[in-house]
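*Asks:* Generate coordinates for the sequence data below:
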Amino acid sequence: MGWLFLVTTGRKTREPRRTGVFYLEDGPDFVVVASNAGDDVDPKWWRNLEVTPDASVEIGRRTIPVRARRATDEESARLWPRLIAANPDYAAYRAGTTREIPIGILEPRS
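*Replies:* Coordinates of the predicted model:
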């Protein structure tokens with residue numbers, strides 16, 4: 001599990017918003033978890049992506065344009081074990097909230 005900066009567009013302000021999130025690589029895609037530390041509301045960066053899915057990720061000196069989408073049920077079933085193995089806190093977050101914690105797939109754009 002690594003760390004990237006996700007740059008989204010604010011859903012209300014339309015201003016860029018830069019947030020550090022953990023990620024896993026899955027083929028060419030970046031996988032992120034909208035856990036919000038187990039809070040009962042989605043993080044702001046996820047709500048921004050729901051409105052404007054085009055964003056960018058910064059990893060080291062690289063900036064990569066991406067398009068975000070929610071993982072399918074099949075992808076979530078495959079990815080949760082990997083995510084929990086990389087960060088066991090995710091299991092506690094899932095157990096402690098009533099909401100379904102979204103897994104985001106950030107697909108590189110050309």
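
*Asks:* Mind naming the longest helix for this protein?
*Replies:* In the chain, assigned by DSSP state H, the helix with the most residues is helix 73-86.

*Asks:* Go through the next helix or strand after that helix and flag the buried ones.
*Replies:* Per DSSP states H and E, the first helix or strand lying C-terminal to helix 73-86 is helix 89-95. Within helix 89-95, the residues that qualify as buried are 90, 93-94, counting by 16 or more other CB atoms under 10 Å. C-betas here are computed from N, CA, C, even on glycine.

*Asks:* Touching the helix or strand of the chain at the bottom of the mean pLDDT ranking from outside, list them.
*Replies:* Counting by mean pLDDT, DSSP states H and E, the weakest-scoring helix or strand in the chain turns out to be helix 89-95, with a mean of 95. Applying CB atoms under 8 Å, 6 or more residues apart in numbering, the set of residues contacting helix 89-95 from outside is 33, 35, 37-38, 80, 83-84, 101.

*Asks:* Kindly state the beta-bridge partners for residue 30.
*Replies:* Taking DSSP bridges as the rule, residue 30 bridges to residue 25, residue 106.

*Asks:* Next, the contact list for it, please.
*Replies:* 4, 23-24, 57, 66, 105-106, 108.

*Asks:* got those as JSON lines, with pLDDT and neighbour count columns?
*Replies:* Shown next, in JSON lines, are the contacts of residue 30 (pLDDT from 0 to 100; neighbours: other CB atoms under 10 Å):
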{"residue": "4", "pLDDT": "98", "neighbour count": "21"}
{"residue": "23", "pLDDT": "97", "neighbour count": "21"}
{"residue": "24", "pLDDT": "97", "neighbour count": "18"}
{"residue": "57", "pLDDT": "98", "neighbour count": "20"}
{"residue": "66", "pLDDT": "98", "neighbour count": "22"}
{"residue": "105", "pLDDT": "98", "neighbour count": "20"}
{"residue": "106", "pLDDT": "98", "neighbour count": "26"}
{"residue": "108", "pLDDT": "98", "neighbour count": "13"}
